[in-house]
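> For reference, the sequence and a predicted model appear below.
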Amino acid sequence: MDPSIEDYALIGDEQTAALVGTDGSVDWLCLPRFDSAACFAKLLGDEDNGFWRIAPVGADRCTRRAYRRDTLVLDTEWETGQGTVRVTDLMPQRDQAPDLVRVVEGLDGEVTLHSVLKLRFDYGSIIPWVRRADGHRVAVAGPDSAWLRSEPEVRSWGEDFGTHAEFTVRKGEKVAFVLTWHPSHEQRPPLVDPYESLRHSVEDWRAWVARCRYDGPYRDAVVRSLITLKALTYAPTGGIVAAATTSLPEEPGGVRNWDYRYCWLRDSTLTLGALLAAGYQEEAEAWRNWLLRAVAGDPADLQIMYGLAGERRLPEFELPWLSGFAGSAPVRIGNDAVKQLQLDVYGEVMDSLSLARISGLSAQPDVWALQTALMDFLRSHWQQPDEGLWEVRGGRRQFVHSKVMVWVAADRAVRTLERHPELDGDLDGWRALRDEVHREVCDKGYDPERNTFTQSYGSRELDAALLLIPRVGFLPPGDPRVIGTIDAVRKELDHGGLLHRYSPTDSDQAEIDGLPGSEGTFLVCSFWLADALHMTGRTKEARELFERLVGLANDVGLLSEEFDPVTGRQLGNFPQAFSHIGLVNTAMALFGEDGAG
């Protein structure tokens, strides 16, 4: 049976993350960072590419699993004929080295379990040398070293090049395993107490969640989304990765497989808004500060995405030894979309910095100088075609959403000067630019016969990003063109009550993005539809759609990038920050901070 993306749960330490399946197997873990090479890559290959499973002997899927309330600590339970057992998985916030902690607890009866650990460094391609040291097992290959500390006795190597333990727990008994990574040329880091780590992790997560201002309907879904965003944050820099994975397919067996372990500027305003609305000022400042460092430099060199610390070079290549998730090859590392021109990111950066200033985030030097430099670039380049929000690989176009976001950039610059006349800037020139862009979009990007804006100038295709027109203030929600666009997008991009991001036919998609095949519905687009319906007075429909979207999360509340309404399966990289940002923002819009709506 092929695996399902929704079978996985996330654990992490705010520098990297692991995916744990319903069978008790850790099938994905990159160390020491989100974008490092994986030491468990079974997710994208098979058992020979690395995994770590702890489960009752002969058992398959667990009986139940759940995160402990308001934490990222995962409990997985099995009921067997001999008794009931729980495996608790976590990655405590690191002091020095990353640790994966697994605690096994007998709940009833007497259960025999099997632990099998296969470390495979460099995305499952390198079998390490394993030896005993200080009573533990240490695996070494090239720059990587990992220590396994196990309370049950383990045996190493053998014909499968794995480390095994078979042990029995009775009611009330606990045993623990800790896997710790460090550079092979350094001394072993200090040992952590697994039980103290568990206690502190629960306390720390609950203290963090207690800061959340939202206490309305769907609180659990909102909190789970906020925890997920926190887990996808690279704590040393404040950058937030788009997802914890690479190459999970947008179509089973297809080639639309991308590396999402980087930070996209497209998410910036929506992320900042979600964090601020939920009461997480510190995290919002960290994200804003990452943004400022990443985009510093020549405005002509502004990229659509960056590495965790703002790295600019993210070369794309393939790993031929991995067969891909459920046979969906190729597996890609890096992302060539980093080279694209996407004019919308200028608007997103300007909007984010404007929101930060309005929200009272601490002032940073030279922010306004950066913004004026961005505006100088846009003034002379805004009429260029680009690859657009969706990073198409089928050639540049005059995308309407990109032009709308150019308008946003000019609008936020004008509004900032109007609020802060002490700042230097070309107020009249930016007003003129704002008006010129607005006129052009309404003239060239609008189809009066169908009463809808279109994906690009002169095209008939639609784009779910057009739903953001009222949200960014380009036109008021009550404008007939806005209502017509919402209705047209809702009708033409619909698939089972959810939205594709653009034309769902294979031929149209291939022309737009230069790739064969198709993809699932894009979850954040359906959240945008709920927002647009609410803004235009159709709040009942918006809430019904929101309720359905919340129901698409897996059993532990996680959403991927896309969803297939026919098979009921999640698609794309997982968990997806954009989807969870959409959930938080839509919940805030529909129900408000106090839940009153």
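Arrived safely, thanks for sending. Being a predicted model, the structure only gives us computed values, none of them experimental.

> Let me see the confidence value for the closest residue to W264 other than its chain neighbours.
Excluding the flanking residues, the one nearest W264 by C-beta to C-beta, 6 or more residues apart in numbering is M305, at 4.7 Å. No exception for glycine: its C-beta is placed from N, CA and C like everyone else's. In the prediction, the pLDDT value recorded for M305 is 94.

> Let me see the contact set for M305.
A242, Y262, C263, W264, L265, L314, N335, A337, V338 (C-beta atoms under 8 Å, 6 or more residues apart in numbering).

> now do 10 Å
241-242, 260, 262-267, 294, 311-312, 314, 335, 337-338, 340, 342, 345, 391 (C-beta atoms under 10 Å, 6 or more residues apart in numbering).

> okay, now the domains of this structure?
Domain assignment for the chain, taken from automatic domain parsing, gives 5-208, 211-591.

> Give me the buried positions along the lengthiest helix in the chain.
Longest helix of the chain, by residue count under DSSP state H: helix 400-419. The neighbour-count check on helix 400-419 (16 or more other C-beta atoms under 10 Å) flags 400-417 as buried.

> For burial, what's the neighbour tally of D134?
Using other C-beta atoms under 10 Å, D134 is surrounded by 9 other residues.

> Quick one: neighbours of the spatially closest residue to it that is not a sequence neighbour, just the number.
Leaving out its chain neighbours, the residue that sits closest to D134 by C-beta to C-beta, 6+ apart is R188, at 7.6 Å. If you count neighbours by other C-beta under 10 Å, R188 ends up with 14.

> And stretch 386-397, what's buried?
Buried residues in stretch 386-397 (16+ other C-beta under 10 Å): D386, E387, G388, L389, W390, E391, V392, R396, R397.

> can you tell me which of those residues lies nearest to K540?
Set against K540, the nearest of the buried residues of stretch 386-397 by C-beta to C-beta is L389 (29.1 Å).

> From V404, how far off is the closest one?
Distance of L389 to V404, computed by C-beta to C-beta, to the nearest Å: 10 Å.

> and for those two, which residues touch both?
Jointly contacting L389 and V404 under the rule C-beta under 10 Å, 6+ apart are D344, A465, L468.

> Let's have these in a markdown table, adding pLDDT, secondary structure and distance to S36.
Formatted as a markdown table, those follow (pLDDT from 0 to 100; DSSP: H, G, I helix; E, B strand; the rest coil; distance: C-beta to C-beta, whole Å):
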| residue | pLDDT | secondary structure | distance to S36 |
| --- | --- | --- | --- |
| D344 | 95 | helix | 30 |
| A465 | 97 | helix | 32 |
| L468 | 97 | helix | 34 |
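
> Most neighbours out of those residues, which is it?
Using other C-beta under 10 Å as the neighbour test, those are led by A465, with 27 neighbours.

> Need the nearest residue in space to that one, chain neighbours excluded.
H401 (4.0 Å).

> Quick check, that neighbour in contact with D344.
Yes. Under the criterion of C-beta atoms under 10 Å, H401 makes contact with D344 at 6.0 Å.

> overlap in contacts of the two?
G388, L389, A465, L468.

> what's the closest of those to E203?
L468 (39.3 Å).

> Name the nearest residue to the closest one, ignoring sequence neighbours.
Among residues not flanking L468 along the chain, W528 sits closest, at 6.2 Å (C-beta to C-beta, 6+ apart).

> any idea which element the one you found lies in?
Assessed by DSSP states H and E, W528 sits inside helix 523-535.

> Off-centre distance for that helix?
18 Å (C-alpha atoms, centre = their mean, to the nearest Å).

> gap between the residue nearest to D134 and W28?
Distance of R188 to W28, given as C-beta to C-beta: 25 Å.

> and if you look at A139?
From A139 to W28 the distance is 18 Å (C-beta to C-beta).

> Then V130?
Separation of V130 from W28 (C-beta to C-beta): 21 Å.

> Please say which of those two ends up with more neighbours.
W28 (27 against 20).

> and that one, that's in a strand?
Yes. Under DSSP: H, G, I helix; E, B strand; the rest coil, W28 sits within a strand.

> Which pLDDT value goes with it?
Here the pLDDT value assigned to W28 is 98.

> Contact partners for it?
So W28 contacts 8, 10, 17-21, 38-44, 50-51, 244-246, 248, 325, 574 (C-beta under 10 Å, 6+ apart).

> if you set the cut-off to 8 Å instead, what comes out?
Y8, A18, L19, A38, F40, A41, K42, L43, L44, A244, T245.

> quick one: the residue nearest to the first one when sequence neighbours are not counted from A146, how far?
In space, not counting the residues next to it along the chain, Y8 is nearest to L19; the distance is 4.2 Å by C-beta to C-beta, 6+ apart. In this view, L19 and A146 are 18 Å apart by C-beta to C-beta.

> Also V154?
Applying C-beta to C-beta, the value for V154 to A146 is 13 Å.

> who has more neighbours, the two?
Between V154 and A146, counted using other C-beta under 10 Å, the more crowded position is A146 (24 against 21).

> Secondary structure of that one: a strand, I assume?
Yes. Counting by three-state DSSP, A146 falls inside a strand.

> give me the low-pLDDT residue ranges for the stretch 201-350 of the chain?
Applying pLDDT under 70 to the stretch 201-350 of the chain flags no residue at all.

> Do you have the strands of the stretch 201-350 of the chain handy? List them.
233-234, 239-240, 263-264, 305-306, 317-318, 332-333 (DSSP state E, counting those that start in this stretch).

> just checking, what packs against the first one?
Applying 3 or more C-beta pairs under 8 Å, 6 or more residues apart in numbering; DSSP states H and E, one finds that strand 233-234 contacts strand 239-240, helix 281-295.

> Would you mind pulling the contact partners of it?
So strand 233-234 is contacted by 14-15, 33-34, 239-241, 263, 283, 286-287, 308-309 (C-beta under 8 Å, 6+ apart).

> what about that strand, distance to the chain center?
Using C-alpha atoms, centre = their mean, the offset of strand 233-234 from its chain centre is 11 Å.

> now swap in the fourth one and tell me
Averaged C-alpha coordinates place strand 305-306 at 13 Å from its chain's average position (C-alpha atoms, centre = their mean).
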